[in-house]
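>>> Okay, here's the prediction I keep looking at, along with the sequence it came from:
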Amino acid sequence: DTEVTQTPKHLVMGMTNKKSLKCEQHMGHRAMYWYKQKAKKPPELMFVYSYEKLSINESVPSRFSPECPNSSLLNLHLHALQPEDSALYLCASCLSGGALDEQFFGPGTRLTVL
Amino acid sequence: AQSVTQLDSQVPVFEEAPVELRCNYSSSVSVYLFWYVQYPNQGLQLLLKYLSGSTLVESINGFEAEFNKSQTSFHLRKPSVHISDTAEYFCAVEESSGNTGKLIFGQGTTLQVKP
């Protein structure tokens, strides 16, 4: 299994909803990432987990809450989002997070906040 | 801090023509360099990377990129493009001495291959 899966593919939510994005990999990777990508823009790093511990938070608003329950799973909990949070949310993983490791990306969850 | 500049936001080209997508970077430390490709409605895929050694790196589908330290460039080239190469291409850098896996991306170049 050499892929990163993300569910759901699409999500529409209101500003008062609570929802979660899920990312899974079974490649034995110990570093996992959340990126946000707006239309026609590059991905922007949000969070990095290394060995199930949060190692980087790029000053992301608290309405985004990451969670890494185990080495294969990464969640992003969403609460009280704003319309400007609408974007493609990409998950990635790599072996250990070192600079030599290739990051494998999932297909993304396209989020629309109404 | 590092930054990446992709000089062309869109590159239209006819099928079987050669193409070059330009990438320049700025960094005060040694970096690794990457090209990623994103097909419509998909995530990113690593196309090729420069870590060390030979400055010319190649991908399995005919793309190549050359690292030029003096010009701080890592341009992507293909001698003959196919319709299927139509996609968004991102150049990225990562600090080679760091251990975070933090990629800094350029703004992207849309390659439009016309029949």
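Structure's in. What do you need?
>>> Now do the contacts for residue 71.
The chain I'm using is chain A. Counting by C-beta atoms under 8 Å, 6 or more residues apart in numbering or on different chains, A:Ser71 touches A:Gly28, A:His29, A:Arg30, A:Tyr51, A:Glu52. No exception for glycine: its C-beta is placed from N, CA and C like everyone else's.
>>> my bad, the chain I had in mind was chain B
B:Gln71 sits in contact with B:Asn24, where contact means C-beta under 8 Å, 6+ apart.
>>> what helix or strand does it sit in?
Of the helices and strands defined by DSSP states H and E, none includes B:Gln71.
>>> From B:Leu7, how far off is it?
12 Å (C-beta to C-beta, to the nearest Å).
>>> Spit out the residues that contact these two alike.
B:Asn24.
>>> who's in contact with B:Ser26?
For B:Ser26, the contacting residues are B:Gln2, B:Ser3, B:Val4, B:Thr5, B:Thr72, by C-beta under 8 Å, 6+ apart.
>>> which among those end up buried?
When the contacts of B:Ser26 are checked for burial by 16 or more other C-beta atoms under 10 Å in any protein chain shown, the buried set is B:Gln2, B:Val4, B:Thr72.
>>> For the residue lying closest to B:Glu58 once chain neighbours are set aside, list each beta-bridge partner.
Computed as C-beta to C-beta, 6 or more residues apart in numbering or on different chains, the closest residue to B:Glu58 that is not its neighbour in sequence is B:Glu64, at 4.6 Å. Residues in a beta bridge with B:Glu64, per DSSP bridges, are B:Glu58, B:Arg77.
>>> What about B:Glu64, how many residues nearby?
If you count neighbours by other C-beta atoms under 10 Å in any protein chain shown, B:Glu64 ends up with 15.
>>> separation between the residue most central in space within chain B and chain A?
Centroid-nearest residue in chain B: B:Trp35, 3.2 Å away (criterion: C-alpha atoms, centre = their mean). B:Trp35 is 12 Å from chain A, where distance means C-beta to the nearest C-beta, to the nearest Å.
>>> close enough to count as contact, that residue and B:His75?
No - contact criterion C-beta atoms under 8 Å: B:Trp35 and B:His75 do not qualify, at 9.6 Å.
>>> Quick check: neighbours shared by the two?
The contact sets of B:Trp35 and B:His75 overlap at B:Leu21, B:Cys23, B:Ala65 (C-beta under 8 Å, 6+ apart).
>>> how about a markdown table for the residues you listed, with distance to A:Cys68, neighbour count and pLDDT added?
What follows is these, written out as a markdown table (distance: C-beta to C-beta, whole Å; neighbours: other C-beta atoms under 10 Å in any protein chain shown; pLDDT from 0 to 100):
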| residue | distance to A:Cys68 | neighbour count | pLDDT |
| --- | --- | --- | --- |
| B:Leu21 | 35 | 24 | 97 |
| B:Cys23 | 32 | 25 | 97 |
| B:Ala65 | 33 | 27 | 97 |
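>>> Out of those residues, which comes closest to chain A?
Among these, B:Cys23 lies closest to chain A (C-beta to the nearest C-beta), at 12.0 Å.
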